[in-house]
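Engineer: output the structure for:
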Amino acid sequence: MEANHSSNPVALRAGTKSNVSFGLSTIGERKVIEVHTGGEKLGALLPIDGENLAEAARTAYRQRLPLICYISSSGADISEGVSAIHSWGTAAKEFVNCSGVVPLIFCVTGPAVSGPALLLGLADLVIMVDESYAFVSGPNMVQQYTGEDLSADGLGGAFMHASTSGVAHFVVPDIESASTLVAEILAYVPDNNDELPIVIPCSDSPVRELPDVGAIIPESPTGSYDVREVIESFIDDGHFLELRAEFASNLVTGFGHLNGRPIGLVANQPQSVAGTLDIPASQKGGRFVAFCDAFNLPIITLVDTSGFYPGKDLEWKGMIRYGAQMAFAYARATTPRACVTLRKSYGGAYIVMDSRYMGNDVMLAWPTAEIAVMGAKGAVEILHREANEKEREELISNYEDRLLNPYIAAERGTVDRVIDPAHTRIELIKALDMLTGKREKLPRRRHDNTPL
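Structural biologist: Now for the predicted structure:
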């Protein structure tokens with residue numbers, strides 16, 4: 001998508017030297033508030049810079065327009081003393097006020113150090129240019145405290161943030177590519193939380209069948225496949241914009257269109273640790289679901305998971321707390337939600353992947369779906385420990401016939417309909433058409449207490 005980028009950024013205070021400029025800009029056909037940091041001393045922030053950042057956020061909030069920030073800053077200017085930090089704190093507060101009201105998209109085009117680096121954690125989406133880097137404490141500080149000798153790129157480079165920390169949603173080669181990507185992202189999200197995403201003209205038939213999609217699932221219950229092939233089969237023109245592709249690869253998140261309607265997609269990825277959920281995947285999924293809900297994007301969830309990844313390291317690091325983030329995000333989401341179980345859906349992971357009992361609107365399943373507490377082998381080993389090998393084989397087969405099929409779940413009301421995989425696109429479009437006017441009243445309270 002062409003960026004069609006025009007802007008007229010201005011400094012907040014005429015006659016005052018500032019490393020921050022902002023103004024009304026046009027990206028594609030969308031109006032945005034665009035901010036640029038940079039200038040002398042690698043864009044070190046002066047007190048006036050923090051005030052300009054804060055005023056840019058206030059302007060975006062008042063005008064209910066997306067806030068696009070191009071960040072290149074080495075942090076607070078040491079020669080200005082603590083006042084430079086105070087102004088950064090003011091800016092951070094205004095960014096938080098914008099959160100969930102207007103989309104916050106940050107593009108890191110150079111260094112982002114200390115305070116500016118923390119601003120990235122407040123953004124909805126972060127794009128990093130290849131040669132950029134971001135960290136709270138730099139290589140010199142790390143070496144003094146830990147003895148480790150790291151380069152700026154090794155400590156906080158774009159690749160590290162895309163694959164390890166999860167800070168970067170996208171990595172692009174240059175600023176022009178970043179602007180083009182911003183234009184593409186804006187095609188999926190509205191200007192603010194009071195608006196619905198813009199439905200675009202669609203030439204992809206709403207009744208297009210998918211004759212080959214069922215064959216993507218291997219015959220073996222442990223066989224691997226790429227869930228992105230399933231996603232690309234039913235969304236418009238097969239165009240899927242994946243977020244955080246290198247981070248927590250066992251869960252896939254991203255944007256697509258369905259009959260011209262922008263949607264968010266969440267899916268277990270069997271190619272990576274068998275699609276099980278761990279701490280990074282829970283963080284990734286919970287944050288994405290919350291973003292979609294904030295900006296009225298319908299959420300489609302595809303399920304194929306055998307549960308949470310086991311291990312003492314995960315449990316000691318707080319799997320309970322982080323696993324709850326997924327459950328929390330889905331449970332409080334009021335945007336239209338449809339879920340399709342493709343194959344395995346076991347245990348606690350079945351619940352948190354937008355099950356009926358998390359409040360989803362439409363629950364569909366392919367005939368290959370297995371919805372249960374656990375797989376047949378594990379269940380038999382617990383329930384029939386004394387059985388010999390031949391008896392276990394018979395018990396496993398019996399368990400699979402009685403419990404591991406979607407029709408049992410449909411009889412109990414946990415699945416609305418078992419569908420032909422070829423009709424997945426048709427059924428999802430019908431579901432979202434039905435949910436177009438969905439509205440939910442939220443309980444009156446100051447805010448919820450998200451598990452962090």
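
Engineer: contacting residues for the nearest residue to His257 once chain neighbours are set aside?
Structural biologist: In space, not counting the residues next to it along the chain, His257 is nearest to Asp236; the distance is 4.1 Å by CB to CB, 6 or more residues apart in numbering. For glycine as for every other residue, the C-beta is placed from the backbone atoms N, C-alpha and C. By CB atoms under 8 Å, 6 or more residues apart in numbering, the contact set of Asp236 is 202, 204, 256-260.

Engineer: give me that answer again for 6 Å
Structural biologist: By CB atoms under 6 Å, 6 or more residues apart in numbering, the residues touching Asp236 are 202, 204, 257.

Engineer: and Pro280, what element?
Structural biologist: Using DSSP states H and E, the element containing Pro280 is helix 279-294.

Engineer: and Cys339, by the same measure?
Structural biologist: Assigned by DSSP H and E, Cys339 falls in strand 337-346.

Engineer: would you check that Ala409 makes contact with Val418?
Structural biologist: No. In this structure, Ala409 is not within contact of Val418 by CB atoms under 6 Å, at 8.6 Å.

Engineer: tally of neighbours for Gly156?
Structural biologist: 26 (other CB atoms under 10 Å).

Engineer: could you check how far it is from Thr26?
Structural biologist: 32 Å (CB to CB, to the nearest Å).

Engineer: and Arg208, by the same measure?
Structural biologist: Taking CB to CB, one finds Arg208 at 34 Å from Thr26.

Engineer: now do the SS call for Glu55.
Structural biologist: The three-state label given to Glu55 by DSSP: H, G, I helix; E, B strand; the rest coil is helix.

Engineer: what about the stretch 151-300 of the chain, any weak spots by pLDDT?
Structural biologist: Of all residues in the stretch 151-300 of the chain, none has pLDDT under 70.

Engineer: mind listing the helices for it?
Structural biologist: With DSSP state H, counting those that start in this stretch, the ranges of helices along the stretch 151-300 of the chain come out as 152-156, 158-160, 175-186, 227-234, 279-294.

Engineer: next, the buried residues of the host helix or strand of Ala60.
Structural biologist: Secondary structure from DSSP H and E places Ala60 in helix 47-63. For helix 47-63, a neighbour-count test (16 or more other CB atoms under 10 Å) marks 47-57, 59-61 as buried.

Engineer: could you do stretch 26-44 as well?
Structural biologist: So, applying 16+ other CB under 10 Å, buried residues of stretch 26-44: 27-28, 30, 32-37, 39, 43-44.

Engineer: farthest pair within those?
Structural biologist: Gly28 and Ala44 (32.7 Å; CB to CB).

Engineer: which SS state does Ile351 fall under?
Structural biologist: helix.

Engineer: count of neighbours near it?
Structural biologist: Taking other CB under 10 Å as the definition, Ile351 ends up with a neighbour count of 16.

Engineer: how near is it to Ala409?
Structural biologist: Distance of Ile351 to Ala409, computed by CB to CB: 13 Å.

Engineer: what's the answer for Gln63, then?
Structural biologist: Taking CB to CB, one finds Gln63 at 48 Å from Ala409.

Engineer: so where do the strands sit in the stretch 101-250 of the chain?
Structural biologist: Here the stretch 101-250 of the chain has its strands, by DSSP state E, counting those that start in this stretch, at 104-113, 125-129, 133-135, 170-172, 241-243.

Engineer: before we move on, what about the stretch 251-400 of the chain?
Structural biologist: Counting by DSSP E, counting those that start in this stretch, the strands of the stretch 251-400 of the chain are 251-258, 261-268, 299-305, 337-346, 362-365, 370-372.

Engineer: now the residue most central in space within the chain: closest residue in space, sequence neighbours ignored.
Structural biologist: Geometric centre of the chain, nearest residue: Phe288, 2.9 Å, by CA atoms, centre = their mean. Leaving aside its sequence neighbours, Phe288 sits nearest to Thr253 (CB to CB, 6+ apart; 4.3 Å).

Engineer: list the contacts for the one you found?
Structural biologist: By CB under 6 Å, 6+ apart, Thr253 lies in contact with 243, 266, 288.

Engineer: which of those sits closest to Arg332?
Structural biologist: Using CB to CB, those come closest to Arg332 at Phe288, 13.9 Å.

Engineer: gap between that closest one and Phe255?
Structural biologist: Going from Phe288 to Phe255 by CB to CB gives 10 Å.

Engineer: my read is that Pro270 contacts Ser224, right?
Structural biologist: Yes. Counting by CB under 6 Å, Pro270 touches Ser224, with 5.1 Å between them.

Engineer: more crowded one of the two?
Structural biologist: Set side by side, Pro270 and Ser224 show more neighbours around Pro270, with 24 against 12, by other CB under 10 Å.

Engineer: quick check on the more buried one: phi, psi?
Structural biologist: For Pro270, the backbone dihedrals are phi -60, psi -20 (criterion: degrees, to the nearest 10).

Engineer: now do the contacts for the residue lying closest to Gly347 once chain neighbours are set aside.
Structural biologist: Using CB to CB, 6+ apart and skipping residues adjacent in sequence, the residue nearest Gly347 is Gly307, 4.4 Å away. If you count contacts by CB under 6 Å, 6+ apart, Gly307 has them with 346-347, 349.
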